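Student: Give me coordinates for this.
(chains A and B)
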Amino acid sequence: MDELLEILQDLHPEIDFDSCDTLVDDKILDSFDIVTIISEVNETFDVVISAEYIKPEYFNSAKALYELIEQLEDE
Amino acid sequence: MLFTSYEFIGFITVLFILFYAIPKRFQWILLLAGSYIFYYLARPVYVAYIFTTTLVVYLVALKLDQKRAFQEAYLKEHKDELTKEEKKAFKAKEKKSRFHWMLLGLLVGLGILAVIKYTNFTISNINGILSAFGSSATLSFVDIVVPMGISFYTFQAIGYLIDVHRGTIKAQRNFFKFALFVSFFPQLVQGPISRYQDLSETLYKEHKFDSKMFTFGLERILWGFFKKLVIADRMLIGVNALIKDADTYKGAYVFVGMLFYALELYCDFTGGIDITIGVAQCLGVNVTENFMRPFFSKNIKEYWNRWHITMGSWFTDYIFYPITVCGPMLKISKWSRNHLGETIGKRVPIYLSSFVVWFTTGIWHGASWNFIVWGLGNFVVIMISQEFEPLYHRFHNKFHLENNRPYQGFQVIRTVLLMSCLRTFDCYRDVPLTFKMFGTMFTEGNYNVIFDGSLLNIGLKISDFIILFIGVIILFMVSMFQRKESVREQIYRISYPLKVCIWFGLFLMVIIFGIYGIGYDATQFIYNQF
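Tutor: Modelled structure (predicted):
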């Protein structure tokens, strides 16, 4: 989780990713950020977040995104 | 058989009667038979194309499902024997194999579409290149029949295949049910591009006659006829006159033609979709809405979220996202962020993918350069407005324009004009001529022709202009009523005599003011050719 928080914090240092669960809904993360996150996650965790997972439910909070990463790691 | 032909009215009347007369378990079979008859009557050879795409996609989707089931069974059976790494390697191998199968289905489906639609376009470009290099050699054009609505049913089938590959839906095991999904006749002509999970919910169900839904369907069909026959086909007379004689009709005429074409296209396309949705509703089938009052959009991005919605979401889900997050693009993302800086670098993959999407959107609309330039024009405008968004935001905040009605009106008019400008590539279908004609709007200085009666020489009489004016007012009012809730729900609640007056009034308008003539056959729907 710490590695993921580091990726997110690099993009938006002003946001508290531990508590925020409206990252997409409140337009904190835009499409540019999401591609950057996918690229970084791919490198750091060696998992591929494919197109069907690009949905607000997976990117609205750091927790949801981390759960997705764990799920993809198991696949 | 056109939607606005007498044959079609006869066809759906017989179908509606049979649909509710036969045992309910046979209803979907009747729809399949009806769909194939509809397609056969359009041109018998069309059936061969749609059948091939259906068969290939059906078989590949079944194979994908089988392979997924095999993977699950194998892992379950060897749960205790395999290490985590071995399981991962097995899944990766299976995933790769499934991907290759999907690729095969895509190649066949899109291959047919590409060969049919783009062979002559490719030949024409090769001939152009040969000629540019001084060669007198030319390749001969091929005589290919482009099946009606091929882009729509191919995209629908391909979307289904990708969804099965992703595991978001299960493959349909009954070939004939799948064939109905691909060929469901109301949406064969010009879409919408339905998703399997949406359309299948009501397509195969047994339907009891529901007078409310049936009435709603008929109202929608009548409304579609009104838009197509009273407005779009009347506008077409003027648009054709203005476009075909580009030497005469310059300057203000281009401006008028541009606005006429925008409205004609809107009424033609949405009118066709109204008929599609209405016919389906009479049969108890829910077809996805394709428009949401696009001419009320405040910016071009919003416009594209409200115009041809199913095409936009198809391109987003099956082209934009997969390209944006594919392996090579992620590498480009990394490289560009490292070498161009975070701000510019993170934009590169999105802009590259958007370029591909808009190029594809353009060429999907037609195999010619005017459509490609139109698509790329949209790309440029959207990218610019995206980059200027923070600036707009600051501007709106500073002058308190966020909820300012007059400013919102300005935004709507700006979007309509911008979209209409881009559509001129569609009008003249010739890129250099479009630029030339567009330029005359600013150089001719003949805007007096709008008011001095000159527009009465473009094939439209004063009565036509009055009908168009009233038609547009009705369109506008209906759009305003729609903001609250469905207009048909509102009509449903009013008294019966008033309801009959509305139906009869609309029917009379279509009969009296529709563009007919001796031996009349309604004009082809514009989107039919896609």
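Student: what ranges of chain B fall below the confidence cut-off?
Tutor: Within chain B, the stretches falling below the threshold (pLDDT under 70) are B:517-530.
Student: residues from it in reach of chain A?
Tutor: Within chain B, the positions adjacent to chain A are B:88, B:91, B:166, B:168, B:317, B:321-322, B:324-325, B:327, B:329-330, B:333-334, B:337, B:346-347, B:349-350 by Cβ under 8 Å from any Cβ of the partner chain. All C-beta atoms are positioned from the backbone trio N, CA, C, and that covers glycine.
Student: so how many other residues sit close to B:Leu263?
Tutor: Taking other Cβ atoms under 10 Å in any protein chain shown as the criterion, the count of residues near B:Leu263 is 21.
Student: For it, which non-adjacent residue is closest in space?
Tutor: B:Met235 (5.8 Å; Cβ to Cβ, 6 or more residues apart in numbering or on different chains).
Student: rewinding a little: among the residues of chain B next to chain A, which ones are buried?
Tutor: With neighbours counted using 16 or more other Cβ atoms under 10 Å in any protein chain shown, the residues of chain B next to chain A contain these buried positions: B:166, B:317, B:321-322, B:324-325, B:329-330, B:333-334, B:337, B:346-347, B:349-350.
Student: What residues does the residue of the stretch 201-350 of chain B found nearest chain A make contact with?
Tutor: Among all residues of the stretch 201-350 of chain B, B:Tyr321 sits closest to chain A, at 3.6 Å; criterion: Cβ to the nearest Cβ. Listed by Cβ atoms under 8 Å, 6 or more residues apart in numbering or on different chains, the contact set of B:Tyr321 reads A:51-52, A:54.
Student: again, but for B:Arg68
Tutor: For B:Arg68, the set of contacting residues under the criterion of Cβ under 8 Å, 6+ apart consists of B:98, B:167.
Student: That one is in what secondary structure piece?
Tutor: B:Arg68 is part of helix B:46-77 when elements are defined by DSSP states H and E.
Student: Beyond that helix, next helix or strand please.
Tutor: Next helix or strand after helix B:46-77 toward the C-terminus (DSSP H and E): helix B:84-132.
Student: so what's the closest residue to chain A within the stretch 101-250 of chain B closest to, chain neighbours aside?
Tutor: In the stretch 101-250 of chain B, the residue that lies nearest chain A is B:Arg166 (4.7 Å; Cβ to the nearest Cβ). In space, and not counting its chain neighbours, B:Arg166 is closest to A:Glu52: 4.7 Å by Cβ to Cβ, 6+ apart.
Student: Any idea how many residues pack against A:Glu52?
Tutor: 16.
Student: Give me the neighbour count for the residue lying closest to B:Gln71 once chain neighbours are set aside.
Tutor: Leaving aside its sequence neighbours, B:Gln71 sits nearest to B:Glu94 (Cβ to Cβ, 6+ apart; 4.6 Å). Other residues within reach of B:Glu94, judged by other Cβ under 10 Å, total 17.
Student: right, and B:Glu94 touches B:Lys67 too?
Tutor: Yes - shown here, B:Glu94 and B:Lys67 form a contact pair, counting by Cβ atoms under 8 Å, at 6.4 Å.
Student: Would you pull up the residue in chain A closest to chain B?
Tutor: When distances are taken as Cβ to the nearest Cβ, chain A approaches chain B most closely through A:Ala51, which lies 3.6 Å from it.
Student: Now the residue nearest to that residue when sequence neighbours are not counted: which helix or strand?
Tutor: Leaving out its chain neighbours, the residue that sits closest to A:Ala51 by Cβ to Cβ, 6+ apart is B:Tyr321, at 3.6 Å. The secondary structure element spanning B:Tyr321 is helix B:321-324 (assigned by DSSP H and E).
Student: Just give me the residue right at the centre of chain B.
Tutor: When chain B is reduced to its mean C-alpha position, the nearest residue by Cα atoms, centre = their mean turns out to be B:His308, at 4.5 Å.
Student: Next up, the contacts around that one.
Tutor: Listed by Cβ under 8 Å, 6+ apart, the contact partners of B:His308 are B:191-192, B:269, B:290-291.
Student: what are the ranges of the strands in the stretch 351-500 of chain B?
Tutor: For the stretch 351-500 of chain B, no strands turn up when DSSP state E, counting those that start in this stretch is the criterion.
Student: so which residue of it comes closest to chain A?
Tutor: In the stretch 351-500 of chain B, no residue comes nearer to chain A than B:Ser353, which is 8.6 Å away by Cβ to the nearest Cβ.
Student: Hmm, B:Thr324 and that residue touching each other?
Tutor: Yes - if you go by Cβ under 8 Å, B:Ser353 and B:Thr324 touch, sitting 4.3 Å apart.
Student: Select the longest helix from chain A.
Tutor: helix A:31-45 (DSSP state H).
Student: which other residues reach that helix?
Tutor: By Cβ under 8 Å, 6+ apart, the surrounding residues in contact with helix A:31-45 are A:3-4, A:7-8, A:11-12, A:24, A:29, A:47-49, A:54, A:59, A:65, A:69, A:73, B:324-325, B:329-330, B:333-334, B:337, B:346-347, B:349-350.
Student: Chain B contacts on chain A?
Tutor: Within chain A, the positions lying close to chain B (Cβ under 8 Å from any Cβ) are A:31-33, A:35-36, A:38-39, A:42-43, A:48-52, A:54, A:75.
Student: Determine which two of those residues are furthest apart.
Tutor: Between any two of the residues of chain A next to chain B, the greatest separation by Cβ to Cβ is 26.8 Å, found for A:Phe32 and A:Glu75.
Student: which stretch of helix or strand covers the spatially most central residue of chain A?
Tutor: Centroid-nearest residue in chain A: A:Leu65, 4.6 Å away (criterion: Cα atoms, centre = their mean). Of the helices and strands defined by DSSP H and E, A:Leu65 is found in helix A:62-74.
Student: what's the angle between that helix and helix B:84-132?
Tutor: Orientation note: helix A:62-74 sits at an angle of 100 degrees relative to helix B:84-132 (axes from the mean of the first three to the mean of the last three Cα atoms, to 10 degrees).
Student: Residue 53 - how many residues pack around it?
Tutor: With no chain named, the answer covers chain A. The burial metric for A:Tyr53, expressed as a neighbour count using other Cβ under 10 Å, is 18.
Student: Chain B, not that one
Tutor: The number of residues packed near B:Thr53 is 25, by other Cβ under 10 Å.
Student: ok, it - contacts?
Tutor: Residues in contact with B:Thr53 (Cβ under 8 Å, 6+ apart) are B:108-109, B:112, B:153-154, B:157, B:182.
Student: Reformat those residues as JSON lines; add neighbour count.
Tutor: Below are the contacts of B:Thr53 laid out as JSON lines (neighbours: other Cβ atoms under 10 Å in any protein chain shown):
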{"residue": "B:Val108", "neighbour count": "17"}
{"residue": "B:Gly109", "neighbour count": "22"}
{"residue": "B:Ile112", "neighbour count": "18"}
{"residue": "B:Tyr153", "neighbour count": "26"}
{"residue": "B:Thr154", "neighbour count": "25"}
{"residue": "B:Ala157", "neighbour count": "25"}
{"residue": "B:Val182", "neighbour count": "22"}
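Student: Name the nearest residue to residue 63, sequence neighbours excluded.
Tutor: I'll assume chain A. Residue nearest to A:Lys63 in three dimensions, not counting chain neighbours: A:Asp21, with 7.4 Å by Cβ to Cβ, 6+ apart.
Student: let's do chain B instead
Tutor: Excluding the flanking residues, the one nearest B:Lys63 by Cβ to Cβ, 6+ apart is B:Trp101, at 5.3 Å.
Student: still on that earlier bit, enumerate every residue touching the residue nearest to the centre of chain A.
Tutor: The contact partners of A:Leu65, by Cβ under 8 Å, 6+ apart, come to A:4, A:37, A:41, A:58-59.
Student: Which residue is the nearest non-sequential neighbour of B:Asn305?
Tutor: According to Cβ to Cβ, 6+ apart, the nearest residue to B:Asn305 is B:Gly312 (6.7 Å).
Student: How about B:Leu222?
Tutor: Spatial nearest neighbour of B:Leu222, chain neighbours left out: B:Leu506 (5.3 Å); criterion: Cβ to Cβ, 6+ apart.
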